[in-house]
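Novice: the amino acid sequence is not available; the structure is as follows:
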C-alpha cells in the first residue's frame, strides 16, 4: 500500500507543479485553491508512504515522478522543448525511479 500512496503523491505533485503555472502568481482563486489542495494531499500521501518506505527512496521517487510528469506536460501543454537530449535526461530520471523501486524493500 505504501508504494500506491507514493505513486498518488507523485501524481499530485505533478498536479500542483502544473497548477502553479495556472495560478498566475496565486492571483487566480480557483487555480490557486486546486494547487494548494494538491500540495497538501501530495504531502499527506507522501507522509503515509514514508511510514514503510525509507526516506531517501521515498523522497527521491516522489520528486522523480513529479519531475518526469511535469517535464512531459511542459512539452505537451506549454510547447517546451522536446529535443532528444532533454528527453534522454527525462528517461534517465525515469530509470532512476525504476531502479530505486526494484532495489527497495
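Specialist: Received the coordinates, thanks. All of these numbers come straight from a predicted model, not from anything done at the bench.
Novice: helix, strand, or coil at residue 27?
Specialist: Secondary structure for residue 27, judged by DSSP: H, G, I helix; E, B strand; the rest coil, is coil.
Novice: what is the neighbour count of residue 81?
Specialist: 11 (other C-beta atoms under 10 Å). No exception for glycine: its C-beta is placed from N, CA and C like everyone else's.
Novice: ok, it - contacts?
Specialist: Residue 81 sits next to residue 75 when contact means C-beta atoms under 8 Å, 6 or more residues apart in numbering.
Novice: need the pLDDT of it.
Specialist: Note on residue 81: pLDDT of 95.
Novice: tell me which residues of the longest helix along the chain come out buried.
Specialist: Longest among the helix segments of the chain by residue count, using DSSP state H, is helix 55-78. For helix 55-78, the neighbour count (16 or more other C-beta atoms under 10 Å) marks 57-58, 60-62, 64-74 as buried.
Novice: check stretch 85-97 too.
Specialist: 90, 93, 97.
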